[in-house]
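*Asks:* Sharing a model prediction with you, sequence too.
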There are 2 protein chains.
Amino acid sequence: MVAPSSRNWTDLIRQCAAIVGEDGVISSAEERSVYECDGLASYRQMPGLVVLPRTTEQVAALVQLCDRELIPFVARGSGTGLSGGALPTPDCMLIVTARMNQILEVDLENQRVRVQPGVINAWVTQAVADAGYYYAPDPSSQIICSIGGNIAENSGGVHCLKYGVTNNHVLSMTFVLPNGAVMETGRKVPELPGYDLTGLLVGSEGTLGIATEITLRILKAPEAVEVLLADFTTIEAAGQTVADIIQAGIIPAGMEIMDNLSINAVEDVVQTNCYPRDAGAVLIIELDGLQEEVVASRQRVGAICDQNGARQVTVATDLQERLRLWKGRKAAFAAAGKLSPNYFVQDGVIPRTKLATVLGEIEALGQQFGYQIANVFHAGDGNLHPLILYDESVPGSLQAVEALGGEILKLCVRSGGSISGEHGIGSDKKCFMPDMFSALDLESMLWVRQAFDPKTLANPEKVFPTPRTCGEGAHAHLSVEVGDAQLF
Amino acid sequence: MVAPSSRNWTDLIRQCAAIVGEDGVISSAEERSVYECDGLASYRQMPGLVVLPRTTEQVAALVQLCDRELIPFVARGSGTGLSGGALPTPDCMLIVTARMNQILEVDLENQRVRVQPGVINAWVTQAVADAGYYYAPDPSSQIICSIGGNIAENSGGVHCLKYGVTNNHVLSMTFVLPNGAVMETGRKVPELPGYDLTGLLVGSEGTLGIATEITLRILKAPEAVEVLLADFTTIEAAGQTVADIIQAGIIPAGMEIMDNLSINAVEDVVQTNCYPRDAGAVLIIELDGLQEEVVASRQRVGAICDQNGARQVTVATDLQERLRLWKGRKAAFAAAGKLSPNYFVQDGVIPRTKLATVLGEIEALGQQFGYQIANVFHAGDGNLHPLILYDESVPGSLQAVEALGGEILKLCVRSGGSISGEHGIGSDKKCFMPDMFSALDLESMLWVRQAFDPKTLANPEKVFPTPRTCGEGAHAHLSVEVGDAQLF
């Protein structure tokens, strides 16, 4: 039991054990080291102490202890986040929600489910699927990421084009504030009067407190689902097709683009045999709704693909065939790992109408820096995920790739877009916040932070740029282990 | 030029005139009296001074002046609000946005329109209709209410069932903070990282500052629209039909219920000849989307109406016929004015599944208090608008009706609902906030308010309960002039 600072850790451990039980406190250096990073493995920091509460009351008692003793605290769900949002700060209390894994209430009649934050995203749909419902936000990590983490990062997913990201699906929360008080935001109906605290807290990346119970909206499963795979000779044609489909008044459940480099990586690895290796890009379109609606939409979407020069449009109606068309997209990040020893994934957003232009500019940036870039992304949302391929054994490559990634983000901002689509700011992108927000924008956010957390104990050193932020990046950045790649 | 306090108004008028020009300052008592109330005419208070800026810079300069001189300021759009949100406070500067009426940019490609806050709601759709677009939030007052007011109150409307209320359609704002600083919230794409300030400011009822430019999302106009009018022998059957339609996975553009009392009032006044006088209730359902989708939905909705015992279902496909079916609903509040000398309209929300039960309880409350209640409401959202009929010439009737209205709101809260669906809290409902929110909920909101407005100058005495709030209600409450009734 090694304690990393002059704080009286023995006494703290005793107090934590009194709250969560002996088996809910992890204090040995060896066991704590498991928690030194999240999905962004290149940032690492040992927490002072790890605690695993089971209830709102236990979280509140822990946070009250932190407030009293001025201990910074960091909440962690499954640790799959990609922006270092759950990175411990030195000597912090890491509050892990893994044992808060109960589905507390399923209320089909009112289409809502109340869960603890450690519940895994996919469990929500599993709990209601037999009754014909589902939970819409579907990050690619959904079989492992937690609802609490989704709340913190306002997570997206393939189906958020039509149904919106996490904040559109949270009706209310029980929320432990940084002083340990327990607040109930929202009621059973949406759109309450007063300030929208639920909306404010979703996406606040743990800097305003910890959600301990969450009421989620579930949707009726669509009657019909079809998937179209269209192949194009150029990525610009695929991008234009996306814009034209939306322009025609059709909102597919999802629209994803993969470029030639990604297609070939995927076919090398998983051999779907449905992604043509000579295509400039493939566009995968999922349509859902009433049977008649889906059939009508499919005909129109097919025509728009044809007008944009699609060489072939494959349609899948039954589940097996749909999964086959999705298979390559789902394997794309893992497959990219075969293209080079390392890759760096960026997450940025541009207005959908600028897809063709900006993709060209990203390619030009890659050539300028001397790196290949693969593109696999949520095209309907304009949410880009450029994958910069590199070899970290080449001296200076990580720094160069980081600089290239930063240029891509700045390009997104110049195009009227955003430095993050769904991964959050966390530890990783805080130095880019001033590229996107004015000093006053950031100051206004800090007013809110200060109002909720005057002692700055809740997930400190995240989201907001600090004077030393922008120097840090060079030595610890976005290189993701290929083993994590299926989680994008 | 009569000044109501010891403040040096002459000097203030001079300073304001230097900012907005002589013709932008209204200081005579006679002219100021025009602005002493909004749509909730029973609360009245003369403003100290009225100013009519034209630009963000002018608003910022006025607010800086208020900040320097500690003058409370109240923003006012068209003054159609029904909760007294634009009620002046004594000696305040009333900042009227009527001259900020420019549509600044129409960007069809990216489906957005940038407007000044004094632009009338309906103008947005008018500006883009020829190109096949529209702005979805449609309060019944849309031909007169302003976008700025819609932002302040997070306004709803008939079509918000499917498309969501105002906060779902605001992409970004230029916002003058209570210290006069000008912030830009949001960018051209939705779902930014950092705290969701746009979401926080929409619906903040002028207590956090003033929106001076607003970028709205516009939608592609649906290809097909149909309206169904179903008549039922009981209101419970109409309510159950609403729940069953949603349960079947169909989200109509709007679903409205009118009860027998409202039907007869409407037929007396506008003779639609399509609302059966012996019906317990009529349900009006608007379907929109692709042609095939609307046809399929209509068949299913029709079948659900039949299963719930609808005596007749009328379908309107062409515009004239659709307007005929809507005519009675649109005239309902005006017609209710014929049922009794006065009426009192309440605005509350309940979970949709509790419609049948709660409507019965409201009727029972009416009987208990000895007043008839007509019901005309956004059934799909569970957004009730009970109209309590009374005669203000009967001593004590207003107080009794207010008490009954309060009981209805408490019933909404007990049912898991809300004390406001779309009219806001304003001056009118602040004493009910503690029925809905805990002390900590309200304190957390006040932290935010304090952070943005430490001097409490922005629309003071609104939204949040004050010790003297709950005594005030008895003498100045919700009696709305019948002439305003078409605005609901």
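*Replies:* Nice, thanks for sending it over.
*Asks:* Kindly report the residues of the stretch 101-250 of chain A close to chain B.
*Replies:* A:109-111, A:154, A:156, A:165, A:167, A:177, A:181-185, A:187-189, A:191-197, A:199-200, A:202-204, A:220-223, A:246-250 (CB under 8 Å from any CB of the partner chain). For every residue, glycine as well, the C-beta is placed using N, CA and C.
*Asks:* make it 7 Å
*Replies:* A:109-110, A:154, A:165, A:177, A:181, A:183-184, A:187-189, A:191-197, A:199-200, A:203-204, A:220, A:222-223, A:249 (CB under 7 Å from any CB of the partner chain).
*Asks:* Repeat that for the stretch 351-488 of chain A.
*Replies:* Going by CB under 7 Å from any CB, the residues of the stretch 351-488 of chain A near chain B are A:351, A:353, A:382, A:416-420, A:424-425, A:433, A:437-438, A:440-441, A:444-445, A:447-448, A:450-452, A:463.
*Asks:* now those: which count as buried?
*Replies:* The neighbour count (16 or more other CB atoms under 10 Å in any protein chain shown) marks A:351, A:353, A:382, A:416-420, A:424-425, A:433, A:437, A:441, A:444-445, A:447-448, A:451-452, A:463 as buried among these.
*Asks:* quick one: the helices in the stretch 251-400 of chain A?
*Replies:* A:260-270, A:291-307, A:319-330, A:332-336, A:355-369, A:397-414 (DSSP state H, counting those that start in this stretch).
*Asks:* so which of these is the most packed in?
*Replies:* When the helices of the stretch 251-400 of chain A are scored by mean count of other CB atoms under 10 Å in any protein chain shown, the highest mean neighbour count falls to helix A:332-336 (a mean of 25).
*Asks:* from the residues of the stretch 101-250 of chain A next to chain B, which ones fall inside helices?
*Replies:* Among these, the residues falling in helices (DSSP state H) are A:197, A:199-200.
*Asks:* Pipe those residues into JSON lines and attach pLDDT per row.
*Replies:* Listed next are those as JSON lines, based on pLDDT from 0 to 100:
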{"residue": "A:Leu197", "pLDDT": "95"}
{"residue": "A:Gly199", "pLDDT": "94"}
{"residue": "A:Leu200", "pLDDT": "96"}
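*Asks:* Quickly, which of the helices of the stretch 251-400 of chain A bottoms out on average pLDDT?
*Replies:* Sorting these by mean pLDDT places helix A:332-336 lowest, at a mean of 86.
*Asks:* Tell me which other helices or strands that helix touches.
*Replies:* If you count contacts as 3 or more CB pairs under 7 Å, 6 or more residues apart in numbering or on different chains; DSSP states H and E, helix A:332-336 packs onto helix A:260-270, strand A:373-378.
*Asks:* next one: that helix to chain centre, how far?
*Replies:* Distance, stretch centre to chain centre, for helix A:332-336: 17 Å (CA atoms, centre = their mean, to the nearest Å).
*Asks:* ditto for stretch A:189-209
*Replies:* With CA atoms, centre = their mean, you get 18 Å for stretch A:189-209.
*Asks:* quick one on the thing from earlier: I'd like the ones in helices among the residues of the stretch 101-250 of chain A next to chain B laid out as TSV, including neighbour count and distance to B:Met93.
*Replies:* TSV is the format used below for those (neighbours: other CB atoms under 10 Å in any protein chain shown; distance: CB to CB, whole Å):
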residue	neighbour count	distance to B:Met93
A:Leu197	25	29
A:Gly199	23	30
A:Leu200	22	28
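*Asks:* Just the closest of those residues to chain B, please.
*Replies:* Using CB to the nearest CB, A:Gly199 is the member of these that lies nearest chain B, at 4.1 Å.
*Asks:* contacting residues for that closest one?
*Replies:* Shown in contact with A:Gly199 (CB atoms under 7 Å, 6 or more residues apart in numbering or on different chains): A:167, B:196, B:199-200.
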